[in-house]
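[1] Attaching a predicted model along with its sequence, questions to come.
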Amino acid sequence: MKTVKITSNNFEQEVLNSNKPVLLDFWAAWCGPCKMISPIVDEIASEVTDAKVGKVNIDEQPELASAFGVMSIPTLALVKNGKVVNKMVGVRPKDSILKMLA
């Protein structure tokens with residue numbers, strides 16, 4: 001599965017109403033560490049079947065970044081049943097992100 005671009009328009013449908021956990025990657029085009037983690041997040045999206053992976057551009061969706069309390073990027077947040085159950089900030093190795101999904 002590919003990553004889903006998350007916006008305020010599709011947030012409720014793609015995240016809150018998802019029957020699977022959703023891993024959200026909060027990023028920005030100008031962020032070097034975000035560029036480092038992006039291919040890892042894309043790889044995870046193509047490999048996992050029991051979770052959805054979405055990307056939130058904080059410059060385009062500042063209200064979502066604010067709602068999730070994103071202070072620095074990249075920030076990964078795992079949402080299950082509409083609630084954030086796990087969050088990590090900064091570049092992390094793939095196995096660390098996969099453990100977050102477990």
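    Arrived safely, thanks for sending. In this text the structure is predicted, and so the values were computed from the model without any measurement.

[2] hey, let's count contacts and neighbours off CA atoms from now on
    OK.

[3] secondary structure class for the residue positioned nearest the centre of the chain?
    Nearest residue to the geometric centre of the chain (Cα atoms, centre = their mean): Leu24, 1.4 Å. Judged by DSSP: H, G, I helix; E, B strand; the rest coil, the three-state class of Leu24 is strand.

[4] go on, Val70?
    Val70 is classified as coil under three-state DSSP.

[5] just Val85 next, same as before
    strand.

[6] which stretches of this structure form helices?
    11, 32-47, 62-67, 94-101 (DSSP state H).

[7] and the third one, C-alpha only, in CSV?
    To tie it back to what came earlier, the one meant is helix 62-67. Extracted in CSV, the C-alpha atoms of helix 62-67 (Å, rounded to 0.1, in the frame of the first residue of the first chain):
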residue,chain,number,x,y,z
PRO,A,62,-0.9,23.6,10.3
GLU,A,63,-4.1,22.9,12.1
LEU,A,64,-3.5,19.1,12.1
ALA,A,65,0.1,19.7,13.3
SER,A,66,-1.2,21.9,16.1
ALA,A,67,-4.0,19.4,17.0
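
[8] Remind me what it packs against, helices and strands.
    Packing partners of helix 62-67 (3 or more Cα pairs under 8 Å, 6 or more residues apart in numbering; DSSP states H and E): none among the helices and strands.

[9] any idea which residue of this protein is furthest from its center?
    Trp30 (17.2 Å).

[10] if we can go back for a sec, so what sits opposite the residue nearest to the centre of the chain in the bridge?
    Beta-bridge partners recorded for Leu24 (DSSP bridges): Gly54, Ala77.

[11] Contacts only, for it.
    Counting by Cα atoms under 8 Å, 6 or more residues apart in numbering, Leu24 makes contact with 53-56, 76-79.

[12] swap in Val4?
    Neighbour list for Val4: 52-55 [criterion: Cα under 8 Å, 6+ apart].

[13] Trp27 versus that one, what's the distance?
    13 Å (Cα to Cα, to the nearest Å).
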